[in-house]
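# no sequence for this one, just the structure:
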């Protein structure tokens, strides 16, 4: 179970990107929607500490992520899989090497350097690649694959970690509509099969409604909607996507239109 | 429509002020050149009879004397070995230097400056100067030659490698950080594969350069073909010197061909 409480993230002395955010994820697929700059990406990256939270706590199955350093942090990161918008594969390595890089936190340096992966890891890799339909690409270079296939490699790499939660940052935003739906379908079925909680940042509200169990709507660093997909109606949508980010950043109350000088941070 | 005579007929690329500045810069360069010629004290008679001297030297060099061909070839091989060994050591040393001299991978500001200091000091000292230093320390011979070439290569290789590291795609690095991989494993899996093509191309180029630099090492007693050349010149054995020069020419052309083939193979 992931329990985020009172999370604040601010870059320098700017207005915080995340403002006293509370969120609990027990399981299933949770999609996080919101306009660019709402803080979705920052929220996700705070969980595995790719971004350093300013204050608050993030607890994953009883371990507080925010307090960890060095070796302990790396051990904790192994338990959190992540899938990216740009797939973030190493193009010049083979699919197998990319997939096995999900095990880097577990294996010794010499095994990693010599590509002498443990038998159990190789078997697991083939099982998972078979499951998502890329096993026949094991020896191909990652850059020879299409977008959808590359994202499958990204998913398998994350699953190789044997994660306790999977974070997906706009996993379908670089894909065509059909492939995009296939990846969402894959994430849903994997989540069910492995009883793996999945948190997905997504721009496509239609997909969020169709494939996920719960929708969290963010606006300017706050969660303003958190309910079943059916509950996301027109007014709720308008609320989530309304307003000019710069205006809102200048003053968090809806009324006062401030000068749009505040820097926009990555969503 | 605007009437034609509303437009000015005069147009100048530069304002009068800019023009004066340009004339001033031009005049300054001219003065500098004239002053430089006046300052270096060229002994004109020697320059004027140069064609005569050249013809005379050429006459004394023809036909090339090949009686010492065996030892010349042995020295040539030694030259190749100096260049190759020095390139291998230089490449091995350059990677950590490049790593700390690249802004995106260096651990902290102190290491960044250390890296840059190593690069600058290596490159600011000419191979022959390095060779003189090492001959003084290790005595005449190939060890001094190898070290001289290594030290000179280090700056060149480290600088170009460091630039390659600075240009890598950061996203795979982020992905591997998220898996809980250690710093070193991230270098192995996300950084090395990305810089490998540049790494090889730069190494081959440097080998080619080192081959040429190794031929003059002997002039200061640091081994290689230059030792024989120096001996021949000192004893006015111009016909042997001619053979050595031809041998060097052949070696350099051969090196050029080999590196061109290797480059084509790799890239």
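Perfect, thanks for sending it. Every value quoted in this text rests on a predicted model; they were computed, and no experiment measured them. Residues are numbered from 1 along each chain as shown, chains lettered A, B, ... in the order given.
# Low-confidence bits of chain B, can you list those?
Across chain B, residues meeting the criterion (pLDDT under 70) sit at B:1-5, B:267.
# mind listing the helices for it?
Using DSSP state H, the helices found in chain B span residues B:16-39, B:44-48, B:50-61, B:69-101, B:109-124, B:127-138, B:142-166, B:170-178, B:183-186, B:192-217, B:225-234, B:238-266.
# out of those, deepest packed?
Across the helices of chain B, averaging neighbours per residue (mean count of other Cβ atoms under 10 Å in any protein chain shown) puts helix B:142-166 on top, at a mean of 24. Yep, even glycine has a C-beta here, placed from its N, CA and C like the rest.
# relative orientation of that one and helix B:192-217 in degrees?
Note on geometry: by axes from the mean of the first three to the mean of the last three Cα atoms, to 10 degrees, helix B:142-166 and helix B:192-217 are set 150 degrees apart in direction.
# Return the distance of helix B:142-166 from the chain's centre.
Centroid displacement of helix B:142-166 relative to its chain, using Cα atoms, centre = their mean, to the nearest Å, is 9 Å.
# Can you list the helices and strands that that helix packs against?
In terms of contacts (3 or more Cβ pairs under 8 Å, 6 or more residues apart in numbering or on different chains; DSSP states H and E), helix B:142-166 is packed against helix B:69-101, helix B:109-124, helix B:127-138, helix B:192-217.
# Specify the stretch among those helices that is closest to residue A:10.
Among those, helix B:109-124 comes nearest to residue A:10, with 24.0 Å by Cβ to Cβ.
# on that earlier part again, just tell me which of the helices of chain B ends up closest to residue A:58.
For the helices of chain B, proximity to residue A:58 was assessed by Cβ to Cβ; helix B:170-178 is nearest, at 14.4 Å.
# Let me have the helices of chain B in CSV, adding distance to residue A:107 as columns.
Converted to CSV, the helices of chain B look like this (distance: least, Cβ to Cβ, whole Å):
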stretch, distance to residue A:107
helix B:16-39, 62
helix B:44-48, 70
helix B:50-61, 64
helix B:69-101, 22
helix B:109-124, 28
helix B:127-138, 42
helix B:142-166, 24
helix B:170-178, 13
helix B:183-186, 9
helix B:192-217, 17
helix B:225-234, 49
helix B:238-266, 29
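# Show me what residue A:9 is bridged to.
The residues paired with residue A:9 through beta bridges, assigned by DSSP bridges, are residue A:18.
# hang on, it packs against residue A:44?
No - here residue A:9 does not reach residue A:44: they are 11.3 Å apart, not a contact under Cβ atoms under 8 Å.
# one step back: relative to chain A, which of the helices and strands packed on helix B:142-166 is closest?
Proximity to chain A, assessed across these by Cβ to the nearest Cβ, is greatest for helix B:192-217 (4.2 Å).
# What is that closest one packed up against?
Other elements packing on helix B:192-217 under the criterion 3+ Cβ pairs under 8 Å, 6+ apart are helix B:69-101, helix B:127-138, helix B:142-166, helix B:225-234, helix B:238-266.
# And residue A:156, which helix or strand is it part of?
Counting by DSSP states H and E, the element that carries residue A:156 is helix A:147-160.
# need the helices and strands packed on helix B:192-217 in CSV with distance to residue A:59, can you?
Compiled in CSV, the helices and strands packed on helix B:192-217 are given as follows (distance: least, Cβ to Cβ, whole Å):
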stretch, distance to residue A:59
helix B:69-101, 36
helix B:127-138, 58
helix B:142-166, 36
helix B:225-234, 69
helix B:238-266, 50
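# Out of these, flag the one nearest residue A:235.
Using Cβ to Cβ as the criterion, the shortest distance between residue A:235 and the helices and strands packed on helix B:192-217 is 48.8 Å, found for helix B:142-166.
# ok and that closest one relative to helix B:225-234, angle-wise?
Using the same axes, to 10 degrees: helix B:142-166 against helix B:225-234 is 130 degrees.
# shaky segments in chain A?
When residues are selected by pLDDT under 70, those of chain A lie in A:243-267.
# Please enumerate the helices of it.
A:40-47, A:70-77, A:95-100, A:109-114, A:119-132, A:147-160, A:177-193, A:205-211, A:234-241, A:245-250.
# Buried residues, the fifth one. List them.
When neighbours are counted by 16 or more other Cβ atoms under 10 Å in any protein chain shown, the buried residues of helix A:119-132 are found to be A:121, A:124, A:125, A:128, A:129, A:131, A:132.
# With chain B in mind, check whether that helix reaches it.
No - among the residues of helix A:119-132, none lie within reach of chain B under Cβ under 8 Å from any Cβ of the partner chain; the closest is 12.9 Å away.
# For that helix, enumerate the helices and strands it packs against.
In this structure, helix A:119-132 packs against helix A:95-100, helix A:147-160, with contacts taken as 3+ Cβ pairs under 8 Å, 6+ apart.
# Distance of residue A:170 relative to residue A:144?
Distance, residue A:170 to residue A:144, by Cβ to Cβ, to the nearest Å: 23 Å.
# same thing with residue A:90?
With distances taken as Cβ to Cβ, residue A:90 is found 13 Å from residue A:144.
# Looking at the two, which one has more neighbours?
With other Cβ atoms under 10 Å in any protein chain shown as the criterion, residue A:90 and residue A:144 differ in neighbour count, and residue A:90 comes out ahead with 25 against 12.
# tell me the contacts of the more buried one?
For residue A:90, the residues meeting the contact criterion (Cβ atoms under 8 Å, 6 or more residues apart in numbering or on different chains) are A:97, A:98, A:101, A:142, B:172, B:189, B:190, B:193, B:194.
# out of those, who's nearest residue A:40?
Of all those, residue A:40 sits closest to residue B:172, with 21.6 Å by Cβ to Cβ.
# State the distance from the closest one to chain A.
When Cβ to the nearest Cβ, to the nearest Å is applied, the distance between residue B:172 and chain A equals 5 Å.
# what's the answer for residue B:157, then?
Applying Cβ to the nearest Cβ, one obtains 20 Å for the distance of residue B:157 from chain A.
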